[in-house]
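>>> Dropping the sequence and predicted coords here.
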Amino acid sequence: MQRALIHFFSIFLCIYVSITYGRELRFAPLPLENKNVIHEQYQGLLSYLSAQTGHNLRMKFYRDYAEIIEAFTNNEIDIAYLGPLPYVILKKQFAKQEPIVCFRDTEGEASYTCSLVVFGDSGLTLHSLHGVHIGLTQPYSTCGYLAVSEMLDDVGLSIDHDGNSADYAGSHSQAALGVIRGEYDVAGVKTAIAKRYAHLGLKTIAESKTYPGFALIANTNTMNSEEIRSIRDVLLKLDPAQSAENRKLTERWGSQFRNGAVTPEHCRYSTVYDALERLPWPIPGTSQ
Amino acid sequence: MKHPAIIISLLFLFFESIFGLVIYYSISTEINYHLKFRETQLTTAVESITTSYSRLVEAIYEKEINTPDIINLIASADTADEETHSLLRGRLYRRVYPTFKLLKDRKIRVLQFTLSDGQSFLRMHRPDLYADIIADDRPILKRVLITGRDSQGFEHGRVYPGFRTAFPLIKEGKIVGVADFSVAFDAFYDILSDNDSNSNTFSQMLLRKDLVEAISHPSIKSLFRSTPVHADYIMEDENSPLRDINLSVKPPAYVSRLDKALGSDRDVEAAMREGRTFSLYKCMNDLECYQVVLLSVKDSSNRTSAYIVGSFSGDEYPGIIRNHLLAFSLGSLLFFLALRYYRNWLKSQQQLQTISANMAEGMYVMNHQGAIVFANKAAESILGYTQKEMLGKSAHNLFHHHSSEDNITEQDCHIRTIPLSGEIYRSSEETFTDRDGNLIRAEITSSPLWNNAHISGAVVLFRDITLDYENRIRQKQTDTAFQNMSEAVVVTDANIRIVAVNHAFTQITGFSEEFVIGMNPSVLASGLHDRTFYQNLWRKIEHDGYWEGEIFNRRKNGEIYPEWINISVIKDREDQVLSYVAVFSDITENQKKELRLQELAYTDQLTNLPNRTSFMRLLEQSIRHSERVHTRVALLYLDLDHFKQINDTLGHLMGDKLLSEAANRLRDIVRQDDVLARLGGDEFIFMIETFEQDNDPARVAKKLLACLKQPFHIEDRVLYVSASIGISLFPDDGSDPTTLLKNADAAMYRSKRSGRGSYSYFTEDMAREAEKRFHLESDLRSALSEGSQLHMLYQPKFSFTQNGLIGCEALIRWQHPTRGLLSPTDFLPIAHDAGLMPEITEFVIHQVSKQINRWTQMGLDPGKVSINLDSQTLKCSDFNTRLMRIVSEEDIKPEQMEIEITETVILEQSDYMNRYNELVESGFSISIDDFGTGESSLFRLKQIPASTLKVDRTFIMDVAHNLSDQAILQSIIGMAKTLGKKVLCEGVEDSGQLGVLKEIGCDEIQGYYLAKPMPPDTLKHFYSSFENNEFN
């Protein structure tokens, strides 16, 4: 009964606000190929934001980050979901943007570290990584090319030099299990993933510095501060870790959104800025 | 059968229910057939898949798992430290991964290695989960660890549920672990579900939520989602990122809707709650239907731990339903039409029954044999028979009476035979007999009753027209009476237009009915009455409803005539005028008759002179006039002398002619201002209205007497009459007509007393005499009622021949209280004039009868006691009866009484001969009194049954010295002897008379010489002391 009343009130409020204040906001999700997957992962979040803020968030699909960034700078996008790296690229090109929130990862952290892992009886160390096959997660994953290259760079090695080769496993787990299965000699994964598979003989040989989490970025050319604040507020008040109701609310959302969010201040992009300076551009493995 | 709609509805419901049940059974049968087929198909498929996968798993186990290196790895893990454990686990993962990949490609998603202590060593499908004691929650694993033999069945697990097959890993005869395979339900999808996403065949597995939650790893929960099918069940979330197998078959779009529909199905809920396999058809709408089989999956503990929900196209279902509904509809339509036809038939039957029941006409139906098969209520009412009494009976025998032919047999009865020949028989002359035997005049229509072109009987409608018939007769009578009324009748409508008149109207007015119909009755108006008259007339009609009075109208020939008319208004119940009815009669003749009656009332018919009534009115007027002008009026009361004798001797006709002639003579003398009238009998009155000289009345009286002295020549007879006149004067002798007339009468009486043929003026002594007479009359009436003043004396009678007493004569005396003893001559004339003689005579008869009885009681025989009978009493028609009654009452014999009647009376009352004879026949004897004073003829004497002639005393007085008287007496005696009668001589007062009478042969004598009248007691002594030869 109470839920029904809430739903009723929400619908009423949505209709009321949309009539009085609401307007359409253009939202750019991650540029993945399968629109169905995007829809499944994002629809819950967007419906929530629309209902709570009174703005109608409508998705606009782009092939890749380059298109997103271009559209964003052309004020064709109001909000974009970006990882640290694309955000930094955007920020460098377009000043009229503002991070709204940063999402916690599954571990509840708004930041994380990456590790280099090998199988326990391989005998490999960070310094001995010459001529090895490296497993990477994804091109734009911080623990991917960025973190692995930084960790290798710390010891004077690189991903695509020193006889090394790299492939993208697609995810942290696959990168880690790929090492156990013998498909990679070494892999760069989130530290949390490395620990998860330690009972399978996986061994960490290096850990990176911390990186900020994924964020919603607002186009301040097209959105006023009140609109940005309203979105931020409704996201920040979610605490799925503590609230069963919030968990229930977010259980159908994409996993990247289910864990709550933090204010942008918690997202330290400086490390990304610095690293970006050292990365080849375009990042190997990307279409650019 | 009063409510066909209800009956039809009930029948319809009954048949529809039966038919519906049949259809329902048919539908159920067909549906069950399809569902059972699907259920069997799904069960078979699942078993087949399970079996085939078991074989596949077994083969893979044997070839790829049950290898020494793997067994060694497992066996080493049993005793290795933790670090080595990790390396062994990683190596095993690396070793088995290719096989697991192969298994996953075949939808065998679970491959787990369990150590001998039941601890999960490696889950290939979830390598992150490990070291839990899985055998505690997995009976199959426990069973394998205990028995050392492979085992299979459905079981939930930490990660995935599935159809599991576990094989022991044995090293050197010792179980070191278990290899556990589980076929994901996804494996079934490819087989059970159609690969086409638009297909209508799909299967999914629902898992018991409580069992899953009891064993699953917490991180696995997001792998599942709830299902709308049942709250107690969950299912794998096909979109879960934890899924390691991507479905090759996506759930068709209908599945989610179907799941919701199943979730709201109570049968589904009940079946799943009870763990039963259940199948059904489920439709999303009229055309989208599915077969759903909920196949119960038992786990290794024989619990229903999951359901395989197979959904298949149910396209045939709408067809089944449609076909059955069509069959049902068609059947219902047929039922409906049939029952509607039946209802209409019932309705028509009921309508016919209602019509027949409510028909005013009686109706009965005869079959071909003439027996009644139906009769309506009106027939019952008219005939008095109940339908039960009539059914099966012959109408002809039961109540046909027909009209005049009494001997009509049933075979000749037109009411039956004519309709049976196909014709319709109509008659208003038939007569029926009701139950009580009363005859009913009936108007009938007897029609053939057709049945499939054959005549099966007759329908007879009849109406009791007895009242109509009688009304027609009555109307005819009324019409006849109307037309033959002597009074004219005019009927108008409310607008006063004539609508009917009768013959009398035409006769009186001369206007024909055709002429006056539609006209206003004013066509008869005479013009003698003004508008106000008619306005008053109509006002009274409107107010009182009628008017009656005399009107002068005009006939067609222009003649005005009086009519007595009564106009009445006829109104309906709402007081609205319907018509006016005028009844009138021509009163012309009535008026003439009235005038005539008026003439008769005031005119003497014999003389055409004014009668007494008229004269008294005229006298009244004259007196009033004289009072005003101070003149005098003289009345001359004239009475013819001895006119009675003329009447008696010459007859009344002669007397009347005499009176008429006398009146003519008197009329000649009357002046114009004077009045002559006849008061009655031989009495005339003459009024001199004004006279100047005092002797004028006397002069006129003389003239009157003189004119009457002239002889009258009537029918060859010459009659001489005289008259006596009494004169009274106004105002000298009275101031009112009655007094004046009475006084004139008194004066006339004086004239009569003074010798007749003269006139007398009224004087005061006459008044006194009249007054004296009046008082004496009053006293006599008192004496008669009082009785003691009147008494009887008896004078004995003697017989020469018997030498003794033969009887006595009763003589009345009046002992007046103030005047003393009065003799009969003092009061009998007054009694006669007052009409008291019958009363006095009756008194005498009573007294005499009592006395005779008294004497008889004393032992005295008084002989015949005579009483005197006068003319007034003789005229009483009941005299004889009264006399006989008194004699009888006093117990005396008629032979003891003699009745003396004077010769004059006998002569006057010659019409009473029968009465005399009756008296004599009764035993009385009659004697003629005062004989010799009258003018009896021998013939008359011979006829009268008198036994004695009582010679008047005038012939006795001088008989001793007068030879003439002696000669007369001798003649009388001789005549009497000739006629056989005795002679009694009364008034014998001396011995000389006695001697002569004896000598000349007189039979009987009476007189003072012998005995005076004496009281009864004295008479008794006289009788006792009398010697028979004493008077000789």
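Looks like it came in fine.

>>> Assign a three-state SS to the closest residue to chain A within chain B, would you?
Residue nearest to chain A within chain B: B:G90 (3.0 Å; C-beta to the nearest C-beta). The C-beta positions use only the backbone N, C-alpha and C, and glycine is treated the same way. The three-state label given to B:G90 by DSSP: H, G, I helix; E, B strand; the rest coil is helix.

>>> ok, now B:D673?
Using three-state DSSP, the structure places B:D673 in coil.

>>> what about the nearest residue to it once chain neighbours are set aside, neighbour count?
Spatial nearest neighbour of B:D673, chain neighbours left out: B:E689 (5.0 Å); criterion: C-beta to C-beta, 6 or more residues apart in numbering or on different chains. By other C-beta atoms under 10 Å in any protein chain shown, the residues close to B:E689 number 21.

>>> surely B:E689 meets B:R632?
No: using C-beta atoms under 8 Å, B:E689 is not in contact with B:R632, being 9.2 Å away.

>>> residues shared between the contacts of those two?
In terms of C-beta atoms under 8 Å, 6 or more residues apart in numbering or on different chains, B:E689 and B:R632 are both contacted by the residues B:S626.

>>> List the residues that contact the residue of chain B closest to chain A.
Contact analysis of B:G90 by C-beta under 8 Å, 6+ apart lists A:F119, A:G120, A:I180, A:L200, A:G201, A:L202.

>>> which among those residues gets closest to B:D952?
The shortest gap between B:D952 and any of the contacts of B:G90 belongs to A:L200, at 203.9 Å (C-beta to C-beta).

>>> How much space separates the closest one from chain B?
Taking C-beta to the nearest C-beta, to the nearest Å as the measure, A:L200 falls 4 Å from chain B.

>>> That residue - how many residues pack around it?
A:L200: 26 surrounding residues under other C-beta under 10 Å.

>>> got a pLDDT number for it?
In this model, A:L200 is scored at 94, pLDDT.

>>> ok, and the closest non-adjacent residue to it?
Spatial nearest neighbour of A:L200, excluding adjacent residues (C-beta to C-beta, 6+ apart): B:G90 at 4.2 Å.

>>> May I have the strands that pair with whichever strand or helix holds B:L111, each with its orientation?
Element membership for B:L111 (DSSP states H and E) is strand B:108-115. Strand B:108-115 sits in its sheet next to strand B:120-123 (antiparallel), strand B:174-183 (antiparallel), going by DSSP bridges.

>>> Alpha carbons only: can I get it in CSV?
Output in CSV follows, covering the C-alpha atoms of strand B:108-115 (Å, rounded to 0.1, in the frame of the first residue of the first chain):
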residue,chain,number,x,y,z
ILE,B,108,26.5,-28.6,-19.3
ARG,B,109,27.3,-25.6,-17.2
VAL,B,110,28.3,-27.2,-14.0
LEU,B,111,31.4,-29.2,-13.3
GLN,B,112,32.4,-29.4,-9.8
PHE,B,113,35.1,-31.3,-8.0
THR,B,114,34.4,-32.3,-4.5
LEU,B,115,36.9,-33.7,-2.2
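
>>> Would you mark the buried spots in stretch B:657-675?
If you call a residue buried by 16 or more other C-beta atoms under 10 Å in any protein chain shown, then stretch B:657-675 has these buried ones: B:K657, B:L658, B:L659, B:S660, B:E661, B:A662, B:A663, B:L666, B:V670, B:D674, B:V675.

>>> Looking at the stretch 151-288 of chain A, which residue is nearest chain B?
In the stretch 151-288 of chain A, the residue that lies nearest chain B is A:G201 (3.0 Å; C-beta to the nearest C-beta).
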